[in-house]
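**Student:** model the structure of this input:
(chains A and B)
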Amino acid sequence: MKSIRKSLSAQLLAGFLVFSIVPVFIIGFMSFASGRQSIITNVQIHLKNVAVLKKNAIDEWTEHLKHALTWIAAEPEVIHAAQAITLKDPSNKTHADAYRFLAAEFGRMVSLGHVSQVSLLDKDTGRILVSSDPSWEGRFREKNLFFIYGKKSIYLSDIFLSLSMGRPTMVISIPVMDKSGDLLGVLAAHADFARLSAIMMERTGLSKTTETFLVNKSNLLITNTVFAPNDAFEKWIFGEGAKRAIAGQSGVDLFLDYRDVKVIGAYLWLKDRKLALIAKQDASEAFAAVTALRQKITFIGISISLVALFSSFLFAQQVTTPLLRLVKGAHAIGKGDLDYRVGSSTQNEIGILSTAFDEMAENLKSTTISLAEKEVLLREIHHRVKNNLQMIQSLMNLQLNQIIDEKSAVPLRDSINRISSIAMVHETLYKSKDLSTIDLKSYFQELTSYLVKSLGPSTLQIELQCSIEQLPMHLDSVVACGLIMNELITNALKHAFVDMPSGKIIIDLHGLDKTFAMLIVSDNGVGMSGQDRSQEKGSIGLDLVNILVKKQLEGEISIDRKSGLTYQIRFPIKTV
Amino acid sequence: MKNMLLAVLVLLATVQTGCETQQPKPVPEKVPVQLKWHHQAQFAGFYIAEKKGFYGAENIHVSLKSRTPGMSNKQVVDELVRGESLFAVLGGDSLLTERALGAPIVSIAVIFQRNPYAYATLKGSKIHRPQDFVGKKIMLPPDGKLQHAALMKKLGLSDNDIEYLPYDRDSDVLSTGKIDAQMVYRPGSGLALEDKGRQLSFIWVEDYGIRLYADTIVTTEKTIKEKPDLVEKFLRASLKGWRYAIENPEEAVAVTLAMDPALVRDQQMRMLKIQTPLIHTGEHQIGWMEQAVWQDMQKIFRISEDKLNINSAFSMEFLFRIYGRQE
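**Tutor:** Purely as a prediction, here's the structure:
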């Protein structure tokens, strides 16, 4: 009972869950995937914009520097002073005036910010003639690219570590020329490199883990950055973004940065500056929104699943409860409680089934009642048949008492016994529980006992040995067997044990296989040597046996005369 | 489907077998290296390469030999030539001198890309530039004389205008006023003077256009010819060690101290910090060399082109292999 409930409920539940939860998860996953993609795209666009803005800020700054230097180099007073200082003898007053003017001018430039050092270099030797820092004067820069290129046009150097300054720097240089275009010297300004770090560290509108920094072509970190605030020029950057940018690529992607942390980053190769610009954000932070989205979708999915689970459970209950009532009813009716009714509260198919079940129970009940009535009737008929036969027996017994001649009495007595054997069948039948089958053992035992009692001489001690198997035999066969046994036992009692104090009669009925049965009647008497029992006059004898075997049972008989006499009758079982 | 599964299984089995039959790693080759001086932060990058397993990763077993006092450059070069050392850290000037004398040795990289020599003056001194040496007393170390002479020549100064005092490494002649300026190897004797408590200013020789390579990595032509892969492996791991040392100075000093317990942590840290801008300039990769600087050196050290073809004294081959050809 419980297993039915379990399996059906479980199957229904599982089925409904599959059909409700699987789509929830598919839809949940799809909306998560698309949400994630759009978040990533947004972050990528944002970082790309940040990178471009930073690049623009750098360009703007260097343009500003170039502009400032160009302006100074074109100033007539500066050109005049440069002319004086390069051409005139140092002891000359004009030279000294020019020196003072330029030193003041350079100092003024430094005080304005953006540059930390301005110098005028000798056009031939690269020697510093005038500088905003007098201690630099007399140093040589002839091997520096900013001097070599600065003689020709405005030049912006790569970023390098200045030995004199002890920090990274970048030099902008420009030729100072007279009106006719002849070179007078090179004006070189060290950009205040801290400005570049400041530009990259400017964090307006950036999230906690977003950082932007510059890396040079030998993977060296050029500007301080969020996660390496003091590491400009002290740290090499081998993040994927820097590697790609140094290889000349620009783009935006998901990759591992120099800390081996997964990031979304934009990388840009600044060709003019020979610098890689990286703008990146930790994936964990960028995906915080994705994580929130995932949690939300998971929550919704679980909620829907729980509702589906609960409603599936209710539905399964709705289906299985009436079914279980039906099962219970079937069990009750099976056990004979024909008054049990399932009842129905619903109008659906299960309700209809319940109603039909109750109708069936009602019909079954009335059928069973009429059957019982018929059984009583049949029992009564058997009883009456038996009573009638007994009455015939009594009448014949009365007649028998009037016959004095013993010889004339024998056939009558035989007939009485024959009728008795038939009456006994009906008696056994109406006493039995089941009217369709007869208890063979009790019938044959009763019959043989009766025969021995009524026919056996009082001096003879008869031992009866009955072995009867309950076979599903037709009533006609039972009656035939009863008559056959009546004849053979009567015969044995009359002739087999002449002059013997005791004897033994064996009755054996058993099935040979499912279709044949064997009836054996044997005695340990004198056998047939003395006289042929079948030839006795005034007796129907073995003729009747033969007829019954052949016609009624449709079997065959064999006789064994070795010790006593044994009849073996083999016949097909005609089932009820 | 079944066939596919079988194929995958066979493939896996093959891969598995492939792994099992993999050749065992050959025994690491022994690489003796002669350093330029006794153990100190000057060689921190090599110690890092050894301790961090960078050499091991290249399957070489490097032993770093400190230089015993009194061991001459000639002895170092002889050991190289005899194969007792496979590499040596040697001054660029010594390399050129020995090479001009016929030793088949070649520089494969430099450690100091900038000239580490400077003139030390007491802070507050009126001497700001070499031009101010006129009429002053200065002291030069033996290995600084030629570059000083080159600088004087370039500035048009005569030795007659300057008074030179004989070199005395140990006595504190600067603070006693016996001399006005002294040429120092900045991370060496310069640091030693500071350790004595002197407040110093430094005039870098390189600021006046005198460029030279002080610490270079040297090997023989034979090693380059016979074991080019070994040279590449050693150099790659060493340069990686240097990069790591600059990025992680605390760790670099810790491994240096482990080489010699007598070393003082603070001093080694300052040495490393002074060296850093010499080793990595921001312009070039660590170890990088320029032909122009070698040519300058030939002139500074007055080695005639008959005796020395400067291009045979250094080889860019391995730097190119490691970094690729730079612009």
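**Student:** next, count neighbours for the closest residue to A:H190 other than its chain neighbours.
**Tutor:** Counting by Cβ to Cβ, 6 or more residues apart in numbering or on different chains, A:H190 lies nearest to A:Q117, which is 3.8 Å off, once chain neighbours are set aside. All C-beta atoms are positioned from the backbone trio N, CA, C, and that covers glycine. The tally of other residues near A:Q117 (other Cβ atoms under 10 Å in any protein chain shown) stands at 22.
**Student:** looks like A:Q117 contacts A:A191 (just checking).
**Tutor:** No. Counting by Cβ atoms under 8 Å, A:Q117 stays clear of A:A191, with 9.1 Å between them.
**Student:** now the common contact residues for those two.
**Tutor:** Taking Cβ atoms under 8 Å, 6 or more residues apart in numbering or on different chains as the contact definition, A:Q117 and A:A191 share the neighbouring residues A:T169.
**Student:** doesn't A:A266 lie inside a helix?
**Tutor:** No. Following the definition DSSP: H, G, I helix; E, B strand; the rest coil, A:A266 is strand and is not counted among the residues of a helix.
**Student:** give me the number of residues near it?
**Tutor:** Other residues near A:A266 number 27, with proximity taken as other Cβ under 10 Å.
**Student:** and the one 3 residues further on, by the same measure?
**Tutor:** Close neighbours of A:W269, defined as other Cβ under 10 Å, add up to 18.
**Student:** please give the element, helix or strand, for it.
**Tutor:** In this structure, A:W269 is located in strand A:262-270 according to DSSP states H and E.
**Student:** may I have the secondary structure class of B:S107?
**Tutor:** For B:S107, the reduced secondary structure class is strand; criterion used: three-state DSSP.
**Student:** so how far is B:E58 from the closest residue to B:A57 other than its chain neighbours?
**Tutor:** Of all residues beyond its chain neighbours, the one nearest B:A57 is B:A237 (7.0 Å), with distances taken as Cβ to Cβ, 6+ apart. The gap separating B:A237 from B:E58 is 5 Å, by Cβ to Cβ, to the nearest Å.
**Student:** tell me who's in contact with the residue in chain A that chain B sits nearest to.
**Tutor:** Closest to chain B within chain A is A:F140: 3.4 Å, counting by Cβ to the nearest Cβ. The contact partners of A:F140, by Cβ under 8 Å, 6+ apart, come to A:125-128, B:154, B:207-209.
**Student:** how many other residues sit next to the nearest residue to it once chain neighbours are set aside?
**Tutor:** The spatial neighbour of A:F140 that comes closest, neighbours along the chain excluded (Cβ to Cβ, 6+ apart), is B:G209 at 3.4 Å. Neighbours of B:G209 under the rule other Cβ under 10 Å: 21.
**Student:** after the one helix or strand B:P277 maps to, which helix or strand is next?
**Tutor:** The secondary structure element spanning B:P277 is helix B:265-279 (assigned by DSSP H and E). Sequence-wise, the next helix or strand beyond helix B:265-279 is helix B:291-300, with elements assigned using DSSP H and E.
**Student:** buried set for the helix or strand following that next one?
**Tutor:** From helix B:291-300 onward toward the C-terminus, using DSSP H and E, the following helix or strand is helix B:310-313. Neighbour counts over helix B:310-313 (16 or more other Cβ atoms under 10 Å in any protein chain shown) mark B:310, B:313 as buried.
**Student:** cool, and stretch B:226-233?
**Tutor:** In stretch B:226-233, residues buried by neighbour count (16+ other Cβ under 10 Å) are B:227, B:230-233.
**Student:** quick one: which of those is nearest chain A?
**Tutor:** Chain A has its nearest neighbour among the buried residues of stretch B:226-233 in B:E232, at 18.4 Å by Cβ to the nearest Cβ.
**Student:** next, give phi and psi for the closest one.
**Tutor:** B:E232 adopts backbone torsions of phi -60, psi -40, taken as degrees, to the nearest 10.
**Student:** quick one: pLDDT of it?
**Tutor:** Note for B:E232: predicted pLDDT of 96.
**Student:** check contacts around it.
**Tutor:** If you count contacts by Cβ under 8 Å, 6+ apart, B:E232 has them with B:318, B:321-322.
**Student:** need the contact partners of stretch A:458-475.
**Tutor:** Residues from elsewhere that reach stretch A:458-475 (Cβ under 8 Å, 6+ apart): A:425, A:429, A:437-441, A:444-445, A:448-449, A:452, A:456, A:481, A:493, A:497, A:500-511, A:517, A:573-576.
**Student:** distance between the ends of it?
**Tutor:** The separation between the terminal residues of stretch A:458-475, taken as Cα to Cα, to the nearest Å, is 34 Å.
**Student:** again with stretch B:304-313
**Tutor:** The straight-line separation of the ends of stretch B:304-313 (Cα to Cα) is 13 Å.
**Student:** residues making contact with it?
**Tutor:** With contact meaning Cβ under 8 Å, 6+ apart, stretch B:304-313 is reached by B:95-96, B:99-100, B:106-107, B:291, B:294-295, B:298.
**Student:** let's see 6 Å
**Tutor:** Taking contacts as Cβ atoms under 6 Å, 6 or more residues apart in numbering or on different chains, the residues outside stretch B:304-313 that touch it are B:96, B:99-100, B:294-295, B:298.
**Student:** which one of those sits closest to chain A?
**Tutor:** Sorting the contacts of stretch B:304-313 by how near they are to chain A, with Cβ to the nearest Cβ, puts B:Q295 at the top with 11.1 Å.
**Student:** in the strand holding A:W269, what's buried?
**Tutor:** Here strand A:262-270 shows A:263-270 as buried, counting by 16+ other Cβ under 10 Å.
**Student:** cool, and stretch B:259-266?
**Tutor:** B:259, B:263.
**Student:** again with stretch A:312-331
**Tutor:** Judged by neighbour count using 16+ other Cβ under 10 Å, the buried positions of stretch A:312-331 are A:312, A:316, A:319-320, A:322, A:324-326, A:329.
**Student:** B:P104 contacts B:E221, doesn't it?
**Tutor:** Yes. In terms of Cβ atoms under 6 Å, B:P104 counts as a neighbour of B:E221; the distance is 4.2 Å.
**Student:** out of those two, which sits in the busier spot?
**Tutor:** Regarding B:P104 and B:E221, a neighbour count based on other Cβ under 10 Å identifies B:P104 as having more, with 17 against 14.
**Student:** quick one, what contacts that one?
**Tutor:** For B:P104, the contact set (Cβ under 6 Å, 6+ apart) comprises B:220-221.
**Student:** let's see that with 8 Å instead.
**Tutor:** Taking Cβ under 8 Å, 6+ apart as the criterion, B:P104 is in contact with B:81, B:220-222.
**Student:** again, but for A:R127
**Tutor:** In this structure, A:R127 makes contact with A:121, A:138-142, judged by Cβ under 8 Å, 6+ apart.
**Student:** near chain B at all, stretch A:233-245?
**Tutor:** Yes. Judged by Cβ under 8 Å from any Cβ of the partner chain, stretch A:233-245 and chain B are in contact via A:233-236.
**Student:** pLDDT wise, what is the residue lying closest to A:G251 once chain neighbours are set aside at?
**Tutor:** Spatially, and ignoring its direct neighbours in sequence, A:G251 is nearest to A:Y267 (6.3 Å; Cβ to Cβ, 6+ apart). Looking at A:Y267, its pLDDT is 95.
**Student:** and A:Y267, how far is that from A:I246?
**Tutor:** 9 Å.
**Student:** overlap of the contact sets of those two?
**Tutor:** Common neighbours of A:Y267 and A:I246, counting by Cβ under 8 Å, 6+ apart, are A:A276.
**Student:** please spell out the PyMOL selection for the buried subset of the contacts of stretch B:304-313.
**Tutor:** Entered in PyMOL, the line below selects the buried ones among those, by 16+ other Cβ under 10 Å:
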select buried, chain B and resi 96+99+100+294+298
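**Student:** same list (the contacts of stretch B:304-313) but as CSV, adding pLDDT and distance to chain A.
**Tutor:** Compiled in CSV, these are given as follows (pLDDT from 0 to 100; distance: Cβ to the nearest Cβ, whole Å):
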residue, pLDDT, distance to chain A
B:L96, 94, 19
B:R99, 94, 23
B:A100, 94, 24
B:W294, 96, 13
B:Q295, 95, 11
B:Q298, 94, 15
